[in-house]
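*Asks:* Just the structure for this:
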Amino acid sequence: MPPVTTPLPLLSIIIPTRNEAAALPTLLGYLRAQTDGPVEILVADAGSTDDTRARAAAAGARVVVCPRAGRARQLNAGARAAAGQIFYFLHADTWPPAGFGAAIRAAVAAGAGSGCFRLRFDDSHWLLRLSAWFTRWPHTGFRYGDQSLFVQRRVFEQAGGYCPEMQLLEDQEIVGRLRQYGPFRVLPGVVTTSARKYRRNGVVRLQSVFGLLTVLYWLGLPQPALARLYRRLVR
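*Replies:* Presented below is the predicted three-dimensional model:
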């Protein structure tokens, strides 16, 4: 009698977008090529004025139109529309490592409720390499959205999803709650994310701004004030 095999769980990749038409088709093709099990890709778009939605649909993604912009709201909208047992939240300018789907499923099978990969920037500046080095550690303070985030559906729902009021640092906020419902794992694979915003603003300057915003967040500065400061300091 042949052995009984358990079907692989469906992986729902959820990507929030706004005006990402130029790079999105290539990323979506890469994601399809690197997944060795059942997968669906959802693009949660809010306010794009370019061809983001049309190009996402042409590349085989399901487009979720979000009436209000904001990464936390968009990620929640994508999760509500997703059918998978595992959610994988990914930025449109971030490429996960080869075989990421198998690595995520293996981590979940081993008991992880949620987790992420380590981070690398597509720029060799020493400060970006140092910042990325810290992402190998499990402390919540080193969690950034660019690292991507995988989470079991039940854990995400138990935690209540992303806080829709969060305008900045929504990933650090949710990781603290996800840890209450299952182990959080930092996987050894590395995602590669764009340093375009650092090149536009200056690496040292922007890293200093992000450090300031993070400290103010942990000190309890309200989200609207953090968002105003971000808009004032970041181009």
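*Asks:* pull the CA atoms of the longest strand belonging to the chain into CSV?
*Replies:* Among the elements of the chain assigned as strand by DSSP state E, the one spanning the most residues is strand 184-193. Once side chains and other backbone atoms are set aside, the C-alpha atoms of strand 184-193 remain, and they are given as CSV (Å, rounded to 0.1, in the frame of the first residue of the first chain):
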residue,chain,number,x,y,z
PHE,A,184,8.7,33.4,16.1
ARG,A,185,11.6,32.2,13.9
VAL,A,186,14.3,34.2,12.0
LEU,A,187,15.2,31.9,9.2
PRO,A,188,18.8,31.8,7.9
GLY,A,189,17.8,32.7,4.3
VAL,A,190,18.3,36.3,3.2
VAL,A,191,15.9,38.6,1.4
THR,A,192,17.3,41.3,-0.8
THR,A,193,15.6,44.7,-0.7
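*Asks:* partner strands of that strand, parallel or antiparallel?
*Replies:* If you go by DSSP bridges, strand 184-193 pairs up with strand 94-95 (antiparallel), strand 114-121 (parallel).
*Asks:* mean confidence for that strand?
*Replies:* Taken as a whole, strand 184-193 has a mean pLDDT of 96.
*Asks:* cool, stretch 208-222 as well?
*Replies:* 94.
*Asks:* What are the buried residues along that stretch?
*Replies:* Residues of stretch 208-222 classed as buried: 209, 210, 213, 214, 216, 217 (neighbour count, 16 or more other C-beta atoms under 10 Å). For glycine as for every other residue, the C-beta is placed from the backbone atoms N, C-alpha and C.
*Asks:* Stretch 18-35 now?
*Replies:* Neighbour count says stretch 18-35 has 18, 20, 21, 23, 24, 25, 27, 28, 31, 34, 35 buried, by 16+ other C-beta under 10 Å.
*Asks:* With pLDDT added, can I get those residues in CSV?
*Replies:* Formatted as CSV, the entries for the buried residues of stretch 18-35 read as follows, by pLDDT from 0 to 100:
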residue, pLDDT
18, 95
20, 95
21, 94
23, 88
24, 94
25, 93
27, 96
28, 96
31, 95
34, 87
35, 80
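*Asks:* of all those, which comes closest to residue 72?
*Replies:* Of all the buried residues of stretch 18-35, residue 72 sits closest to residue 18, with 13.6 Å by C-beta to C-beta.
*Asks:* thinking again about what came up before, quick one: residues in contact with the longest strand of the chain.
*Replies:* The set of residues external to strand 184-193 that reach it, using C-beta atoms under 8 Å, 6 or more residues apart in numbering, is 91, 93-97, 99-100, 103-104, 107, 112-122, 135-138, 146-148, 175, 178.
*Asks:* Cheers, nothing more for now.
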